[in-house]
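Here is a sequence with its predicted model. Questions after.
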Amino acid sequence: MLSDPIADLLTRIRNAFAARHKTIEAPHSKLKESLLKILKDNQYIKEVKVIGKKPKAKLSITLRYPQQQAAVSNLTRISKPGRRVYVSVSDLSKVTKGRGILILSTPKGLMTAKNAKKKNLGGEILCKVS
């Protein structure tokens, strides 16, 4: 039993990029699927597929290597089960500093810090990708 499934997913992606894998698999959840959709929309990964049915469903993730380099150089979990990190709309610009993306969990679902600022939403910072 994992205490932090998001950290497990991020570690799988980080390790796969380091080992130059093309695809990886991870257990499925709606939260992970929406997080991976954001990574795909921002061109950090190529493709995400759900394999199988509900109880044993898995996510198949195809990694992206533009110009033979890993698309993700840094993937960090910010808010952890032992220490939750929340941010308001006014503090979003201070946290991002123009590099990479922050993925937030807001009342309207997962989104990047840029989209959260447009919609005037704050929330829990899940991870930082660059």
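Cool, the structure landed.

From now on I want contacts and neighbour counts done on CA atoms only, so please keep to that.
Noted.

Check which residues of the longest helix anywhere in the chain are buried.
Using DSSP state H, we find that the single longest helix of the chain is helix 5-18. By neighbour count on 16 or more other Cα atoms under 10 Å, the buried set for helix 5-18 is 5-7, 9-10, 13-14, 16-17.

Which strands and helices lie in contact with it?
In terms of contacts (3 or more Cα pairs under 8 Å, 6 or more residues apart in numbering; DSSP states H and E), helix 5-18 is packed against strand 23-27, strand 75-77.

Next secondary structure element downstream of the longest one?
Past strand 23-27, heading to the C-terminal end, the next element that is a helix or strand (DSSP states H and E) is helix 30-41.

can you list contacts of the next helix or strand after that following helix?
Using DSSP H and E, the helix or strand that follows helix 30-41 towards the C-terminus is strand 45-51. Residues from elsewhere that reach strand 45-51 (Cα atoms under 8 Å, 6 or more residues apart in numbering): 28, 33, 36-37, 39-40, 57-64, 71.

Next, the angle from the helix or strand just after strand 45-51 to helix 30-41.
Moving toward the C-terminus from strand 45-51, the next helix or strand (DSSP H and E) is strand 58-63. In terms of direction (axes from the mean of the first three to the mean of the last three Cα atoms, to 10 degrees), strand 58-63 departs from helix 30-41 by 20 degrees.

Tell me how far the closest residue to Leu35 other than its chain neighbours lies from His21.
Spatial nearest neighbour of Leu35, excluding adjacent residues (Cα to Cα, 6 or more residues apart in numbering): Leu110 at 6.8 Å. Look at Leu110 and His21: by Cα to Cα, to the nearest Å, they are 27 Å apart.

out of these two, which sits in the more crowded spot?
More crowded of Leu110 and His21, by other Cα atoms under 10 Å: Leu110, with 22 against 14.

before we move on, what SS does that one have?
Following DSSP: H, G, I helix; E, B strand; the rest coil, Leu110 is assigned to strand.

give me the beta-bridge partners of it?
Judged by DSSP bridges, the bridge partners of Leu110 are Ser105.
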